[in-house]
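K.L.:
Pasting the sequence and the predicted coordinates here, then a few questions.
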Amino acid sequence: MTSRRQKITLEPEVLIWARERVGLSEKKLADKMQVKPERVTEWERTGETSIAQVDRLASCTYTPLGYLYLSEPPDESLPIRDFRTRGDGPPKRPSPNLLDTVYQMQRRQNWMRDDLIEGGSDPLEFVGAYSLTDGHIEVAAAMRVALGLADGWPEEIDTWSEALGCLRIRSDEAGILVASNGVVGNSTRRKLDRTEFQGFALVDEYAPLIFVNAADFKTAQMFTLAHEVAHLFVGETGLSLFDRLLPVDHGTERFCNRVAAEFLVPQEELQDYWATVQDPTNPYREIAQEFKVSDIVAAYRALDLDLIDRDTFFTFYNENRCQAESRKTTTGRGNIWDTLRWRIGPRFAGAVARATEEGRLLYREAYSLTGLKGDTFEQMPEKLGIVL
């Protein structure tokens, strides 16, 4: 039997890559592994370590163990198209947290697709039904029809939080797998970074999926969700990060931004409302409250309709962003099942629960797909109101 203390020699370049992929300094990695920094320095200089330490390194850096035994660092690229835009340069290398989230959602989508096809479901007509040459107002109107939302629907809702909940539910009922999470799976130690990505869409005619980064400001999630739904309507899988809501690199993102803005704040309704705002120096707060969007989305929509100029928008955007980033966000524990409802998604949770109940899915596979185990998984149908 091989001793875990057995010394082995790995490629120093790979060991350095493993540390840097999670953004850790030598000292921080040493702290996580509970060794002296000199030990980490020595490993990365000579490659000499032990089997036990390699296992620990893989765990602390969320690196697949086999990668550490490679002769050179792997090319760990995103498995979906990268539409992210930033004002401070091109997107950085995807983090393990982002990659693992995308992989997890792809596994869910693949399983759901097979389950729906085996059950005789028909493909969803709206997925990929439009192109970038169609009018954004037309696509936004089609989204409202598909989600069963009447014109002026935010007026019947008191708060933006309720509006976000309504949009999630209607998307789920329309056949879209909706997931929203601020961590990887259920690991509170692996928090998602809102400055790395805000959401992504995985196009499929049977099981389209959208993911919204719940680590982002709550008011921003409404726009992200609408933007990702727009991706499904134009049939474009991809990862999104918005810079000033004015990406210049991708026609797809520009189009989906315009669709999302029209979907949330229809042109005719805003033009009528604009004349009624009470505070001409800051009309965006009133618009935001009326349409249940963020102040920045309200200002962007005013710019899009030539109600304000670019200088006015960017001045407001910069001031608003600085204020938002300076505010500390506090979150209570709340009801864990309210959180799990959208980490998993009602539609997906119901499908997994029924497949397990009917013996079509092994429990260990259901645990892997949902991130729940044992009694917690058994309670899921009752807690989420799933009819088996």
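P.N.:
In hand now; what should we look at?
K.L.:
Just list the residues touching residue 274, thanks.
P.N.:
283, 287, 302, 307 (CB atoms under 8 Å, 6 or more residues apart in numbering). Bear in mind the C-beta positions are built from the backbone N, C-alpha and C, glycine included.
K.L.:
State the phi and psi torsions of it.
P.N.:
Phi and psi for residue 274, reported as degrees, to the nearest 10, are phi -50, psi -40.
K.L.:
Buried by neighbour count: which residues of stretch 119-128 qualify?
P.N.:
124, 126-128 (16 or more other CB atoms under 10 Å).
K.L.:
among the contacts of residue 274, which two are most distant?
P.N.:
Greatest spatial distance among these (CB to CB): 287 and 307, at 9.8 Å.
K.L.:
picking up where we left off before, which one of the contacts of residue 274 is nearest residue 220?
P.N.:
residue 287 (15.6 Å).
K.L.:
What residue, apart from its backbone neighbours, is nearest that closest one spatially?
P.N.:
Residue nearest to residue 287 in three dimensions, not counting chain neighbours: residue 298, with 3.8 Å by CB to CB, 6 or more residues apart in numbering.
K.L.:
thought that neighbour was touching residue 261?
P.N.:
No: with contact defined as CB atoms under 8 Å, residue 298 does not reach residue 261; the gap is 9.7 Å.
K.L.:
quick one: the strands in the chain?
P.N.:
Secondary structure of the chain by DSSP state E: the strands cover 7-9, 48-50, 177-181, 183-184, 187-191, 199-202, 209-213, 238-240.
K.L.:
Run a quick check on residue 346 versus residue 381, I expect a contact.
P.N.:
No: counting by CB under 8 Å, residue 346 stays clear of residue 381, with 11.0 Å between them.
K.L.:
Quick check: neighbours shared by residue 287 and residue 307?
P.N.:
Jointly contacting residue 287 and residue 307 under the rule CB under 8 Å, 6+ apart are 270, 274.
K.L.:
So which of those two has more stuff around it?
P.N.:
More crowded of residue 287 and residue 307, by other CB atoms under 10 Å: residue 287, with 22 against 16.
K.L.:
Same list (the buried residues of stretch 119-128) but as TSV, adding distance to residue 168 and pLDDT.
P.N.:
TSV is the format used below for the buried residues of stretch 119-128 (distance: CB to CB, whole Å; pLDDT from 0 to 100):
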residue	distance to residue 168	pLDDT
124	17	98
126	17	98
127	18	98
128	22	97
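K.L.:
I'd like those laid out as a markdown table, including distance to residue 109.
P.N.:
A markdown table is the format used below for those (distance: CB to CB, whole Å):
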| residue | distance to residue 109 |
| --- | --- |
| 124 | 13 |
| 126 | 17 |
| 127 | 12 |
| 128 | 15 |
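K.L.:
Can you tell me which of these is nearest residue 82?
P.N.:
Taking these together and measuring to residue 82 by CB to CB, the closest member is residue 128, at 19.8 Å.
K.L.:
what's the closest non-adjacent residue to that closest one?
P.N.:
The nearest residue in space to residue 128 (CB to CB, 6+ apart) is residue 235, at 2.9 Å.
K.L.:
how near is residue 171 to residue 134?
P.N.:
Residue 171 sits 20 Å away from residue 134, going by CB to CB, to the nearest Å.
K.L.:
Between those two, point out the one with more neighbours.
P.N.:
More crowded of residue 171 and residue 134, by other CB under 10 Å: residue 171, with 24 against 15.
K.L.:
hang on, that one packs against residue 178?
P.N.:
Yes: taking contacts as CB under 8 Å, residue 171 lies within contact range of residue 178: 5.1 Å.
K.L.:
Residues that sit against both of the two, list them.
P.N.:
Residues touching both residue 171 and residue 178 comprise 210, 225, with contact defined as CB under 8 Å, 6+ apart.
K.L.:
Go ahead and confirm residue 233 touches residue 142.
P.N.:
Yes: with contact defined as CB under 8 Å, residue 233 and residue 142 form a contacting pair (6.6 Å).
K.L.:
Looking at the two, which one has more neighbours?
P.N.:
Legend: neighbour count by other CB under 10 Å for residue 233 and residue 142, higher for residue 233 (25 against 18).
K.L.:
Could you report the separation of the residue nearest to residue 287 from residue 137?
P.N.:
According to CB to CB, residue 298 and residue 137 sit 18 Å apart.
K.L.:
what's the answer for residue 68, then?
P.N.:
Distance from residue 68 to residue 137, by CB to CB: 52 Å.
K.L.:
The closest residue to residue 100 other than its chain neighbours: neighbour count?
P.N.:
Closest residue in space to residue 100, ignoring its immediate chain neighbours: residue 184 at 5.2 Å, by CB to CB, 6+ apart. Residue 184: 21 surrounding residues under other CB under 10 Å.
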